[in-house]
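Asker: turn this into a structure:
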Amino acid sequence: MVVQVPAPSGSRVWTSWQILRDPFAYWERARARYGDTFWLETFNGRIFCTGDPALVAEIFKADTTQVRPFRPEAFAPLLGRHSVLMLAGSAHREQRRLLSPPFARGRARVFGDVFLDVARTHLARWPDDGTIRSADELLSISLEIIVRAVFGILDPAEVTRWTHEVREMVAAIDPSFLFFPAMQRLPIGPWPRFLARRDRLDASIYAEIRRRRATGQRGDDVLSLLLDAKHEDASPMADEEIRDELVTLLFAGHETTQIAMAWLLYHLARTPEAMAAVRAEIDGGDGSAEALVRAPYLDAAWSEALRMTPIVPDMLRMTTADLQVGPHLLPTGTNLAFVAAMVHTRPDLYPDPSVFRPERFLGHTFGPHEYLPFGGGVRRCLGAHFSSVEGRVVVGAILRAFDVTSLREEQPARRNATMGVRHGVPLRVRRR
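Answerer: Numbers count the residues shown, from 1 in each chain. Model (predicted):
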């Protein structure tokens, strides 16, 4: 029997709208009224929600036979039915095994020079003394990085074409048809516009897969590794499988990192002591990707930015077997959410949680149930280390090249499944 926890009453649609519009404010209000753990009635069903690290740890112990993605059908038209984010059970384990080599920790370091080269190319075009909307600039950098890392494309014209197609597809994603799947049946509006742009990108991806298979061209890029990957029965990945994983990487791999970098620049620009510590650290090195990755205060600042504003503030699952979560027995078919936005703002874990304080992460390691910007358990983001290395290299390159000044306060804003920056983090930049 499920141990009784608070179950707020009220409109399911209104609750869903509040979470969709401003999840950080909603989760703060809900915890103040109901505690760390409660049930919510939402448009997509009843959800067991928790920001209790002890219960989050229990959820993370669940294996692929006990939990699966929440409403994968809503995201399947975007990511595809073979995407590792859509699968459960043995299929999820197998697809995750195939994807692990491209994102092994050592390979992120291999891409470090690519990150730095792309960043420096873009920074050369920034004004010597002027204003930028840093989220837009970082999107361009992150898009080129993911295109080069995924496809190994170096030709500038081809890089431009691919980044344009990815940007157009992502821009067409509307949170309304992700959170309210019934809108995917409408013949007009954002859904058909998205389908047209998705199909255009798909055509390019399938053409590249066929070309690579025909020519045997291989490199250090993700596509090359997937073309050579073998299932446990020694069969190669099918074109549709590769397409689905590439779209997943293109979608999830650039936008989340771009947003995190924008928040890091924002917080550093508004915290002079932290900026001075980062600047002293990176100026003391040789500016190489390796030196930036090894900079401990920069690493701590990256972690602190993701703590304060996790890109995905709440992550949902559905139980596929009875699951014991602390004193709560969740029957098969229960929707559950572990809420990073609540865990990351606990004063017992993070004193003065609204203050940007990278020192929290110096000499102290938080458990995976206490710090979870990339999820956790068997479904933790495969690209977490890749994203972290990219973010530190790019932001480090920016701060070696420019002095930056914040021009206005920033707020989170819904993009699609992720939370972005409402005003784009405008900055005054002056070349050093």
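Asker: could I get the CA-only coordinates of the worst-scoring helix or strand of the chain on mean pLDDT as CSV?
Answerer: Least confident helix or strand of the chain, by mean pLDDT, DSSP states H and E, is helix 105-110 with a mean of 72. Backbone C-alpha positions of helix 105-110 (Å, rounded to 0.1, in the frame of the first residue of the first chain) are rendered in CSV as follows:
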residue,chain,number,x,y,z
ARG,A,105,35.5,10.1,-21.0
GLY,A,106,38.7,9.9,-23.0
ARG,A,107,37.0,10.7,-26.3
ALA,A,108,35.7,14.0,-24.9
ARG,A,109,39.3,15.1,-24.5
VAL,A,110,40.0,14.1,-28.1
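Asker: for residue 159, what is the enclosing helix or strand?
Answerer: Counting by DSSP states H and E, the element that carries residue 159 is helix 156-171.
Asker: for the residue most central in space within the chain, which non-adjacent residue is closest in space?
Answerer: The central residue of the chain, meaning the one whose C-alpha is nearest the mean C-alpha position (Cα atoms, centre = their mean), is residue 256 at 3.7 Å. Once its chain neighbours are removed from consideration, residue 256 has its nearest residue in residue 311; the separation is 4.7 Å (Cβ to Cβ, 6 or more residues apart in numbering). All C-beta atoms are positioned from the backbone trio N, CA, C, and that covers glycine.
Asker: how many other residues sit next to that neighbour?
Answerer: Counted with other Cβ atoms under 10 Å, the neighbours of residue 311 add up to 23.
Asker: ok, the residue nearest to the centre of the chain to residue 220 distance?
Answerer: For residue 256, the distance to residue 220 equals 22 Å [Cβ to Cβ, to the nearest Å].
Asker: before we move on, back to that, tell me the contacts of the residue nearest to the centre of the chain?
Answerer: With contacts taken as Cβ atoms under 8 Å, 6 or more residues apart in numbering, residue 256 has the following neighbours: 311-312, 387, 418.
Asker: phi, psi for residue 293 please.
Answerer: phi -70, psi -30 (degrees, to the nearest 10).
Asker: roughly how far apart are it and residue 208?
Answerer: Using Cβ to Cβ, one obtains 30 Å as the distance from residue 293 to residue 208.
Asker: quick check: next helix or strand after the least confident helix or strand of the chain?
Answerer: Sequence order places helix 112-123 as the next helix or strand after helix 105-110, per DSSP H and E.
Asker: name the helices or strands packed onto that next one?
Answerer: The criterion is 3 or more Cβ pairs under 8 Å, 6 or more residues apart in numbering; DSSP states H and E, and the helices and strands that helix 112-123 contacts are helix 134-151, helix 289-293, helix 384-401.
Asker: including mean neighbour count, mean pLDDT and distance to residue 176, could those helices go into JSON lines?
Answerer: As requested, those are arranged in JSON lines below (neighbours: other Cβ atoms under 10 Å; pLDDT from 0 to 100; distance: least, Cβ to Cβ, whole Å):
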{"stretch": "helix 134-151", "mean neighbour count": "24", "mean pLDDT": "93", "distance to residue 176": "22"}
{"stretch": "helix 289-293", "mean neighbour count": "20", "mean pLDDT": "95", "distance to residue 176": "39"}
{"stretch": "helix 384-401", "mean neighbour count": "24", "mean pLDDT": "95", "distance to residue 176": "27"}
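Asker: alright, that wraps it up for me.
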